[in-house]
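S.K.: the sequence isn't on hand, but the structure is:
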């Protein structure tokens, strides 16, 4: 009896060890979409730069893993992840109920509200009544597009989709758009504070709808890729604890986007 119990105990320990053993992460292939400064864009040398790029490199360094970057349009990120074109979506993707049905997410990476921008003095509000007959730009595949289509387009607003926010800024300047809806920090740091953003400002209050906008952004991974998700969470926690996250954040933003 004692031998039998000992055998069962040893077997249970062996099974537990197999279940607890995580695979070693030696390379992380990040999928990103440059064109959304200051989160991810290309600098004058044509190299990837931005908050998400620096944070991704820091995560790889923390895990002693090789970093590989794959460019992909934002609206095709989830299909590309599922097709194993890359391993992690690193493109300031919001964690929403809808997306959680398709992929998993790491713990929160950033938290920044959605806001609308327009020409200063335009007296526009992010409501169907104020925007009726107007043209508002949103990026394809984003929560901002979802809000635009569900809350505005159904009520007489012309919601125009773009591949990248840079294109929205250009059409705002040319007058082809009356307003743009996007991440507040991205709009402020990537446009309003730049010479190109002169004469533009936030229009109306912060938009609040957690069902649409989610609870912040995270690293997106394939369903069941638990080892990678755990490794990302571990590295992210360590980078926050040792001050690296804050150093990267203050390099790119004037406000706290951690959501902590």
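M.R.: Looks like it arrived, so ask away. This one's a predicted model, so the numbers in the text were calculated from it and none came from an experiment.

S.K.: next up, the contacts around the residue minimising distance to the centre of the chain.
M.R.: Centroid-nearest residue in the chain: residue 92, 1.3 Å away (criterion: CA atoms, centre = their mean). When contacts are counted by CB atoms under 8 Å, 6 or more residues apart in numbering, residue 92 touches 36, 39-40, 52, 109-110, 183, 186, 217. The C-beta positions use only the backbone N, C-alpha and C, and glycine is treated the same way.

S.K.: wait, is it part of a strand?
M.R.: Yes - counting by DSSP: H, G, I helix; E, B strand; the rest coil, residue 92 is found in a strand.

S.K.: please begin residue numbering at 31 from this point
M.R.: Fine by me, first position is 31 from now on; the one you just mentioned is residue 122.

S.K.: give me the distance between it and residue 83.
M.R.: Distance of residue 122 to residue 83, given as CB to CB, to the nearest Å: 11 Å.

S.K.: which neighbours do those two share?
M.R.: residue 70.

S.K.: surely residue 104 touches residue 174?
M.R.: No - counting by CB atoms under 8 Å, residue 104 does not reach residue 174; the two are 10.8 Å apart.

S.K.: distance of the residue nearest to residue 155 when sequence neighbours are not counted from residue 85?
M.R.: Nearest residue to residue 155, sequence neighbours excluded (CB to CB, 6 or more residues apart in numbering): residue 234, at 4.2 Å. To residue 85, residue 234 is 30 Å away according to CB to CB.

S.K.: who's more crowded, these two?
M.R.: residue 85 (24 against 17; other CB atoms under 10 Å).

S.K.: in three-state terms, label the more buried one for me.
M.R.: Residue 85 ends up helix, using three-state DSSP.

S.K.: need the contact list for it.
M.R.: Residues in contact with residue 85 (CB under 8 Å, 6+ apart) are 120, 139, 269, 275, 278.

S.K.: which parts of the helix or strand where the fourth one lies are buried?
M.R.: Assigning secondary structure by DSSP states H and E places residue 275 in helix 274-282. Applying a neighbour-count criterion of 16 or more other CB atoms under 10 Å, one finds 274-275, 278-279, 282 buried in helix 274-282.

S.K.: what do you get for stretch 232-241?
M.R.: 232-234, 237.

S.K.: quick check: mean pLDDT of that stretch?
M.R.: Mean per-residue pLDDT for stretch 232-241: 93.

S.K.: also stretch 277-286?
M.R.: 94.
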